[in-house]
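Participant: Make a model of this:
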Amino acid sequence: MRRVEEVIYVVPEEREAFLAKQLNPSEKTRKFMWHHGIRNQFFYELEEFILMTFEYVGDDFYQDMAVLSATLEDEGYFIKQRRRDVAPEQLKTTNWWAPLKILGSNFVQTPFSSEDDVGADELAAAAKNGSISDEDDIRSNIAFDADDWSESIHF
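Facilitator: Next comes the predicted model:
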């Protein structure tokens with residue numbers, strides 16, 4: 001399984017139509033995307049940006065993305081411009097996308113041994129009750145660089 005994340009900018013006057021198309025694709029589009037390995041696609045909003053993520057479960061990512069791009073392009077499903085191809089002075093007047101750079105991951109394996117299962121349950125209960133909180137302001141943790149970071153194919 002491969003995770004793909006992108007940041008997308010859509011000019012305000014086209015944003016509602018874009019999100020409607022993305023969040024409510026046709027049955028044909030959903031089946032086609034599923035057939036080409038797309039799973040668990042999510043869209044998030046951060047100020048004027050849309051953050052999109054999906055999981056790819058196929059065998060040939062680049063081939064599947066090429067087929068999807070060529071086929072779904074006719075339906076206006078994609079934003080064609082990459083951020084690196086848009087002049088800086090046009091970034092707020094042009095629809096564009098860019099891959100997100102992965103910084104790392106954690107919690108891919110349990111930190112608890114079988115004897116620690118009780119500790120995990122206590123931590124989960126404390127978090128649910130609000131006695132554990134994250135005091136960081138999430139806006140201060142956002143990093144956005146002017147470069148494109150990967151060779152991923154936009155989907």
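Participant: Which positions are bridged to Trp97 in the beta structure?
Facilitator: Per DSSP bridges, residues listed as beta-bridge partners of Trp97: Ile8, Arg82.
Participant: does it really touch Arg82, like I thought?
Facilitator: Yes - judged on C-beta atoms under 8 Å, Trp97 makes contact with Arg82 at a distance of 6.3 Å. From N, CA and C alone the C-beta is placed, and that goes for glycine too.
Participant: mind checking how far Glu47 is from Phe54?
Facilitator: Distance, Glu47 to Phe54, using C-beta to C-beta, to the nearest Å: 22 Å.
Participant: Just checking the distance from stretch 19-31 to the centre of its chain.
Facilitator: Chain-centre distance of stretch 19-31: 16 Å, with C-alpha atoms, centre = their mean, to the nearest Å.
Participant: residues in contact with that stretch?
Facilitator: For stretch 19-31, contacts defined as C-beta atoms under 8 Å, 6 or more residues apart in numbering pick out Val10, Met33, Phe43, Ile50, Met52, Leu72, Glu75, Gly76, Tyr77.
Participant: Check stretch 4-16 too.
Facilitator: Residues outside stretch 4-16 that contact it (C-beta under 8 Å, 6+ apart) are 18-19, 48-56, 79, 83, 91-100, 102, 144, 152, 154-155.
Participant: secondary structure element for Ala70?
Facilitator: Per DSSP states H and E, Ala70 falls inside helix 61-72.
Participant: Quick check on Trp97 and Arg82: which one has the bigger neighbour count.
Facilitator: Shown here are Trp97 and Arg82; by other C-beta atoms under 10 Å, Trp97 has more neighbours (22 against 15).
Participant: Return the residues in contact with the more buried one.
Facilitator: Glu6, Val7, Ile8, Tyr9, Ile79, Gln81, Arg82, Arg83, His154.
Participant: mind checking the backbone torsions on the first one?
Facilitator: The reference is to Glu6. Dihedral pair for Glu6: phi -140, psi 150, per degrees, to the nearest 10.
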